[in-house]
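In: Pasting a predicted model and its sequence here:
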Amino acid sequence: MIKIAPSILSADFVNLERDIRRVSSADYLHVDVMDGAFVPNLTIGVPVVKSIRKCTGMFLDVHLMIEKPVRYVEAFAQAGADLLSVHLEADHPDHIAEALRLMGECGVKKAVALRPITKAEAILPYLPELDLVLVMTVEPGFGGQSFLEPQLDTIRQVRALIERYNPACELEVDGGINSRTAAQAVRAGANVLVAGSAVYGDSDPAAAIAALRRAGQE
């Protein structure tokens, strides 16, 4: 089944609760956390995730684009995240492993994320314990970017590794997803699609979500 995860990075933060309710037909709610260091942009932090949790029962897919994410795993878990993804490029491998261990202790699902510069094989030390792998199809840090088609090869490679070592693991893609690129990503092996402007840029976000699901099933 294809899952859609609208990114609130493209929502109206003045009316965030309203915009979360407008995408309630989606499977996940994607929350982009940026620290101004790992990526140049700054977005939301723990208090906002805690507030989001109070206003929705949606599955919170929290994407940590931050340096040394092990420092914040417990805080975001306690704030209400259902899944946390940490970037393999954001810390030493031992500390990434520690972040995943803490996720297990906190009862949240475990994920790692890959920038376009990172090879698929980088997930191998962690793959058996993962619930999801996130492949970035843009450079992380800003919404509204165009899909990087060379990343289709990375998606295919990650899917092959998942099928070999952990078939229950989901494969999420994030960046430049629209009806055309959604179909490409799914054909390459993705089953969770993060979409920001393609959903919130539509006058009817629920219809946009349904269109992305159809595109992914074609």
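Out: Structure received.

In: mind listing the strands for the protein?
Out: 3-6, 28-34, 59-65, 83-87, 109-114, 132-136, 170-174, 192-195 (DSSP state E).

In: And the spatially most central residue of the chain, how far from Ala26?
Out: The residue lying closest to the centre of the chain (C-alpha atoms, centre = their mean) is His63, at 5.2 Å. The spacing between His63 and Ala26, counted by C-beta to C-beta, to the nearest Å, is 15 Å. (Glycine included, C-beta is placed from N, CA and C.)

In: ok, now which ones touch the residue nearest to the centre of the chain?
Out: 30-33, 85, 113, 134, 174, 194 (C-beta atoms under 8 Å, 6 or more residues apart in numbering).

In: ok, back up a step: will you turn the strands of the chain into CSV that also has mean pLDDT and distance to Ile155?
Out: Shown next, in CSV, are the strands of the chain (pLDDT from 0 to 100; distance: least, C-beta to C-beta, whole Å):
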stretch, mean pLDDT, distance to Ile155
strand 3-6, 97, 15
strand 28-34, 97, 17
strand 59-65, 97, 17
strand 83-87, 98, 15
strand 109-114, 98, 10
strand 132-136, 98, 5
strand 170-174, 97, 6
strand 192-195, 97, 11
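
In: Most tightly packed of those?
Out: strand 192-195 (a mean of 28; mean count of other C-beta atoms under 10 Å).

In: on that earlier part again, could you point out which of the strands of the chain sits nearest Val48?
Out: In terms of C-beta to C-beta, the element of the strands of the chain nearest to Val48 is strand 28-34, at 8.1 Å.

In: Give me the angle between that closest one and strand 83-87.
Out: 40 degrees (axes from the mean of the first three to the mean of the last three C-alpha atoms, to 10 degrees).

In: neighbours around Ile117, how many?
Out: A count of neighbours around Ile117, defined by other C-beta atoms under 10 Å, yields 8.

In: Which one of the strands of the chain lies nearest to Ala206?
Out: With C-beta to C-beta as the yardstick, what comes closest out of these is strand 3-6 (10.2 Å).
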